[in-house]
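Engineer: here is the input, now give the coordinates:
(2 chains)
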Amino acid sequence: KAGVTQTPRYLIKTRGQQVTLSCSPISGHRSVSWYQQTPGQGLQFLFEYFSETQRNKGNFPGRFSGRQFSNSRSEMNVSTLELGDSALYLCASSERTAYSPLHFGNGTRLTVT
Amino acid sequence: KNEVEQSPQNLTAQEGEFITINCSYSVGISALHWLQQHPGGGIVSLFMLSSGKKKHGRLIATINIQEKHSSLHITASHPRDSAVYICAVSDDSNQFYFGTGTSLTVIP
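Structural biologist: As a prediction, the model looks like this:
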């Protein structure tokens, strides 16, 4: 099976712009979750989608949003970018059954200038 | 206060040494996860456990639910084990909380 695919790998944006990141889960996985990783804060949970519905949301402002499509692919959007949004954004997919592990993509490194 | 605390933050070991990384958590959990992150960003899930002990090759993970504590052990450490090890917990709503990670360097 192909792994979790995130695109693009690298992205440079300017403050105030918006950005959309994409995540294709492992085939058959219906749960996709998103994470932000920065040197200062470490890994932080953004949100989880399952069957096209947001099931959980971390403590991030409304500028961070996402959606999931019927094929389980997910997108994450950040509007009105700030310098502090520079980070590695990771997505993970799972079967979301009891004790199903997370499978991470390689991440999208976003730099906001 | 962080929901998940890891120690040590940094660890340097000689090849062949036995290594222990500790994780304490303060929330109710459905599962505890040990993750490995190599330079470049990719994260691999090593273990997911809710009780007892799991072993995979030279890696062993244990959890004590009553004490809200888990340990990751690496036996006969090797330079390829050099990575950041992250402890994470998931609660009943599948929300995740992460430790800050332990950076391990194994010297040949």
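Engineer: for the rest of this, base every contact and every neighbour count on C-alpha atoms.
Structural biologist: Will do.
Engineer: worst-scoring helix or strand of chain A, pLDDT-wise?
Structural biologist: strand A:53-57 (a mean of 90; mean pLDDT, DSSP states H and E).
Engineer: given that one, what are its sheet partners and their directions?
Structural biologist: If you go by DSSP bridges, strand A:53-57 pairs up with strand A:42-50 (antiparallel).
Engineer: give the buried residues for stretch B:93-108.
Structural biologist: Of all the residues in stretch B:93-108, those buried under the rule 16 or more other Cα atoms under 10 Å in any protein chain shown are B:94-107.
Engineer: partner residues bridging the closest residue in space to residue B:101 that isn't next to it in sequence?
Structural biologist: Nearest residue to residue B:101, sequence neighbours excluded (Cα to Cα, 6 or more residues apart in numbering or on different chains): residue B:86, at 4.3 Å. Beta-bridge partners recorded for residue B:86 (DSSP bridges): residue B:35.
Engineer: so residue B:86 sits against residue B:104, correct?
Structural biologist: No: if you go by Cα atoms under 8 Å, residue B:86 and residue B:104 don't touch, sitting 10.8 Å apart.
Engineer: could you give the number of residues near the residue of chain B at minimum distance from chain A?
Structural biologist: Minimum separation of chain B from chain A (Cα to the nearest Cα) falls at residue B:42, amounting to 4.7 Å. Residues near residue B:42, counting by other Cα atoms under 10 Å in any protein chain shown, number 13.
Engineer: who are the packing partners of the following helix or strand past the least confident helix or strand of chain A?
Structural biologist: The C-terminal neighbour of strand A:53-57 among helices and strands, as given by DSSP states H and E, is strand A:64-68. The elements that strand A:64-68 packs onto, with contact taken as 3 or more Cα pairs under 8 Å, 6 or more residues apart in numbering or on different chains; DSSP states H and E, are strand A:42-50, strand A:53-57, strand A:74-78.
Engineer: which residues touch strand A:64-68?
Structural biologist: A:47, A:49-54, A:74-79 (Cα atoms under 8 Å, 6 or more residues apart in numbering or on different chains).
Engineer: where does chain B have its least confident helix or strand?
Structural biologist: strand B:96-98 (a mean of 90).
Engineer: after that strand, which helix or strand is next?
Structural biologist: Taking DSSP H and E, what comes next after strand B:96-98 is strand B:102-107.
Engineer: who are the packing partners of the least confident helix or strand of chain B?
Structural biologist: strand A:42-50, strand B:83-90.
Engineer: just send these back as TSV, with mean neighbour count and mean pLDDT too.
Structural biologist: Below are those laid out as TSV (neighbours: other Cα atoms under 10 Å in any protein chain shown; pLDDT from 0 to 100):
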stretch	mean neighbour count	mean pLDDT
strand A:42-50	22	92
strand B:83-90	24	95
